[in-house]
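Undergrad: need the 3D shape of this:
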Amino acid sequence: AAAAAAPAAGAEDAGGAAAAVGCDAEKGRAAEEESIESTASGSPRSGSSGQSAEAAGVEAGREQQRRAAVCEALRGAGHACADWLYPLARRGAAPSGGEPRMEALGAMRWLASIQSVLHNQYSEEEGFGQYAVWGSVWLQLFVLAQGFVLAYRELSGPPRTGSERPSTLRYVRQNLTAIYPTFLVSLLLKVTYAPGRTAFEWAMLPLQALLMHAWLPICHTTEQGDVLCSPELFNTGTWFVSTVLSFWFFVRPLAELFRRRSLRFSVATLLFCWLFSMVFQLLGSQDRLAGWLGFEGPFWPTVISVAIRSTPLGYAHVFVAGVATARVFLLTAVRDAETGGDIAEGTQRVALAAERAPLVLRFGCCVGYLAYAVLLFAATSVFQPYHCLLNNGGLLPIMVLILLGAAIGTDPITTWIFRSKPMLVLGRISFVQFLMSNVFSGWLRQTFGWDGNAIVKAILLPCLVLFSYCCQ
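TA: Numbering: from 1, shown residues only. Have a look, this model is predicted:
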């Protein structure tokens, strides 16, 4: 958040540049006209009197004043537009020296949420579906960002002890208070228009209401042979909330573990978490684990697949990577606000020091999104067999770069896009949009139909954004 001043300065220059150029051009034309008029008045053939020349000069002065007033109005409009587009600039933050702000993370999460919506709604569309199916890999960014933000809160100040340190249950309740109302509304809306069809679904509803439905994959085979699992019943996206909730119990122990660890240890942890993702490719791809255990039929392969993609088992290493990323951020892009040196165990207040961060981290968003674009458009067919790997932490290097680039705040994407007012507003509805996407799209499909309805497919995203904004 420390780079908020950069867009302000640039935006004000951009807002007033056109007006300034226009003013200079008008002044040049006015001077040329005055020169021509003076030359004409001095010509022997003109026959103009001195009184006529004086009146012409007065009129030219008035015209120049009118043009200057128009230029000033345009310049003021440009500055007003810049102030509206980049409201954070009015806080007066500098690229370094102030406390790190995390406003840009909201826009980053909103983009990840949109990718998830594209996966859920358009992955079966001809042509576009081969790219939309990759939207599911962005769910790991949500888990990574959760670990990063919660660990940063713990690590950016001295350890809390005694009465200042709330109990684990109170800590979880404080975090849950901010998200549970939205979750409950989304669940009730989903149950209202798409109630459970079997006794198993209704039996799992209390677990959904308690956000415990994704902790273990409880599955059941229906009479039609379908396998239903608790993490993916009713509003299927809520498995993520249940998964993250289970991680909250371990945030503070993990933060204390990394508090005294070096940069080398934190980077090694990130590397280990990334390599650990290959375990899920080995076990989950082509139902290998079910085959090794001798399971036949669709039940156990489905249980194993759901356990990997929709429970804490498949994302615990991603959450640990988020905690390690917070430590890397503090050691590379932050300093002690009082001493100006490196942060230590007794640091009371931190300040951003973006110039200390490696160049690749300062431009993390540009590098990360570019790498993902290459993966998406140039190597889709190559990486298609490894979707299980990439979905469960295989893209950690890209996600870590994007997260740190948004947190440091000097990346051009962060400066000019993520910190703009439209993206700040969208960032505030990212969580609501994620939860309401299946609710709203399910109602839209049920009411108006989906297959062959091009209008519904076209208006889904803008209507979802508007609906999420109203809910927020």
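
Undergrad: pLDDT value on residue 382, please?
TA: At residue 382, the model reports a pLDDT of 77.

Undergrad: if I look at residue 122, what pLDDT would I see?
TA: 90.

Undergrad: tell me who's in contact with the nearest residue to it once chain neighbours are set aside.
TA: Of all residues not flanking residue 122 in the chain, residue 132 sits nearest, at 4.2 Å (C-beta to C-beta, 6 or more residues apart in numbering). In this view, the C-beta of every residue, glycine as well, is placed from N, C-alpha and C. Residues near residue 132 by C-beta atoms under 8 Å, 6 or more residues apart in numbering: 118-119, 121-123, 125.

Undergrad: cutoff 10 Å now
TA: 115, 117-125 (C-beta atoms under 10 Å, 6 or more residues apart in numbering).

Undergrad: using CSV, write down the CA coordinates of the helix or strand hosting it.
TA: Applying DSSP states H and E as the criterion places residue 132 in helix 129-132. Extracted as CSV, the C-alpha positions of helix 129-132 are listed here (Å, rounded to 0.1, in the frame of the first residue of the first chain):
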residue,chain,number,x,y,z
GLY,A,129,-13.9,-23.9,-21.9
GLN,A,130,-10.4,-25.1,-22.4
TYR,A,131,-9.1,-21.9,-20.8
ALA,A,132,-11.9,-21.4,-18.3
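
Undergrad: and it, how far from the chain's centre?
TA: Centroid separation for helix 129-132 versus its chain: 21 Å, with C-alpha atoms, centre = their mean, to the nearest Å.

Undergrad: list the buried residues for that helix?
TA: Across helix 129-132, burial judged by 16 or more other C-beta atoms under 10 Å covers 131-132.

Undergrad: now stretch 121-128
TA: So stretch 121-128, judged by 16+ other C-beta under 10 Å, has buried residues 121-123.

Undergrad: now do stretch 418-435
TA: Quick answer for stretch 418-435 (16+ other C-beta under 10 Å): 418-420, 423-424, 426-435.

Undergrad: what residues does residue 455 make contact with?
TA: residue 448.

Undergrad: how close does it sit to residue 466?
TA: 16 Å (C-beta to C-beta, to the nearest Å).

Undergrad: equivalent analysis for residue 157, please.
TA: Look at residue 157 and residue 466: by C-beta to C-beta, they are 39 Å apart.

Undergrad: residue 350 too?
TA: When residue 350 is compared with residue 466 (using C-beta to C-beta), they lie 38 Å apart.

Undergrad: between those two, tell me which one has more neighbours.
TA: residue 350 (20 against 13; other C-beta atoms under 10 Å).

Undergrad: so, low pLDDT: which residues of the stretch 151-300 of the chain?
TA: Counting by pLDDT under 70, the stretch 151-300 of the chain contains low-confidence ranges at 196.

Undergrad: tell me where it has helices.
TA: Ranges of helices within the stretch 151-300 of the chain are 168-193, 199-209, 239-248, 251-259, 263-276, 278-284, 288-292, 299-309, based on DSSP state H, counting those that start in this stretch.

Undergrad: which one of the ones you listed lies nearest to residue 79?
TA: Nearest to residue 79, of all the helices of the stretch 151-300 of the chain, is helix 168-193, at 35.8 Å by C-beta to C-beta.

Undergrad: in the closest one, which residues are buried?
TA: 171-172, 175, 179, 182-183, 186-187, 189-191.

Undergrad: and if you look at stretch 200-215?
TA: For stretch 200-215, the neighbour count (16+ other C-beta under 10 Å) marks 200-201, 204-205, 207-208, 211, 213-215 as buried.

Undergrad: and for stretch 285-298, what's in contact with it?
TA: 221, 225-227, 280-284, 299-305, 307-308, 385-389.

Undergrad: which of the residues you listed are buried?
TA: Buried among the contacts of stretch 285-298 (16+ other C-beta under 10 Å): 227, 280-281, 283-284, 300-305, 307-308, 387-389.

Undergrad: so how far is residue 371 from the residue nearest to residue 406 when sequence neighbours are not counted?
TA: Excluding the flanking residues, the one nearest residue 406 by C-beta to C-beta, 6+ apart is residue 104, at 4.3 Å. Distance from residue 104 to residue 371, counting by C-beta to C-beta: 19 Å.

Undergrad: more crowded one of these two?
TA: Shown here are residue 104 and residue 371; by other C-beta under 10 Å, residue 104 has more neighbours (28 against 15).

Undergrad: nearest to residue 439 among the buried ones among the contacts of stretch 285-298?
TA: residue 227 (23.3 Å).

Undergrad: who's in contact with the residue lying closest to the closest one once chain neighbours are set aside?
TA: Among residues not flanking residue 227 along the chain, residue 302 sits closest, at 4.2 Å (C-beta to C-beta, 6+ apart). By C-beta under 10 Å, 6+ apart, the contact set of residue 302 is 217, 219, 221, 226-229, 287, 290.

Undergrad: done for today, thanks.
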